[in-house]
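Q: predicted model follows, preceded by the sequence.
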Amino acid sequence: MTDSIKKLQCLEGTTSLYVELAEDGYTTNPCCLYKADNPPTVNNIEELLSNPTIEALREKFKDDWKSPGCIDCVRHEELGEISLRMNSLRRGYDSGYDGVVRKWDIRPGNTCNLKCAMCSLSNSSKWIEDIEILKKYGNGDTNYKKEDLDFDWIYSQCVDKAELIYIAGG
């Protein structure tokens with residue numbers, strides 16, 4: 001493991017890759033919990049591997065990981081719970097960081113016939129039936145999207161490298 005990675009206080013966006021489709025491309029959020037208003041997007045998944053938004057967050061994570069977008073991890077840790085950030089550090093130290101994405105968090109879309117409690121409209125199209133309730137009481141995530149991911153490209157990046165592939169929605 002290199003010294004620059006050891007200094008990072010969160011490895012989300014480094015040893016893991018969050019792949020979520022937006023209306024105009026793929027979001028550049030480092031993880032599924034990161035809160036950003038209108039995050040920049042890129043045209044393809046490969047551009048997620050190295051882009052200015054995530055690079056800037058990596059630099060910030062060398063000094064202080066508590067960016068405004070990291071509020072979920074901050075809250076979990078303040079309550080004495082294990083956060084996604086803490087899990088990322090464990091995963092990074094256990095596997096070592098060699099520039100390879102080991103964990104993939106893939107959100108291919110939201111075409112689904114279930115209304116699971118853990119899914120929002122962005123992860124399950126079935127919730128569209130209750131859009132007015134979601135707008136009134138939901139977490140603000142009322143964007144419906146339908147796109148296709150390049151699973152062939154993802155597969156080529158995962159063979160003999162990925163330790164975990166998480167797929168939600170769709």
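A: Done, it's in.

Q: across the sheet, point out what pairs with Arg107.
A: Residues in a beta bridge with Arg107, per DSSP bridges, are Glu20.

Q: that one: neighbour count?
A: 21 (other C-beta atoms under 10 Å). In this view, the C-beta of every residue, glycine as well, is placed from N, C-alpha and C.

Q: secondary structure class for Leu149?
A: Using DSSP: H, G, I helix; E, B strand; the rest coil as the criterion, the local structure at Leu149 reads coil.

Q: what pLDDT does the residue nearest to it when sequence neighbours are not counted get?
A: Leaving aside its sequence neighbours, Leu149 sits nearest to Pro108 (C-beta to C-beta, 6 or more residues apart in numbering; 4.6 Å). We note a pLDDT of 73 for Pro108 in this prediction.

Q: I'd like the distance between Pro108 and Leu84.
A: 20 Å (C-beta to C-beta, to the nearest Å).

Q: likewise Gly13?
A: From Gly13 to Leu84 the distance is 11 Å (C-beta to C-beta).

Q: ok, now which ones touch Ala162?
A: Residues near Ala162 by C-beta atoms under 8 Å, 6 or more residues apart in numbering: 101-104.

Q: and Arg58, by the same measure?
A: 8, 13-14.

Q: can you tell me which of those residues lies closest to Ala36?
A: Taking C-beta to C-beta as the measure, Ala36 sits nearest to Gly13 out of these, at 12.1 Å.

Q: give me the nearest residue to that closest one, chain neighbours excluded.
A: Pro30 (3.0 Å).

Q: find me the pLDDT at that neighbour, would you?
A: 87.
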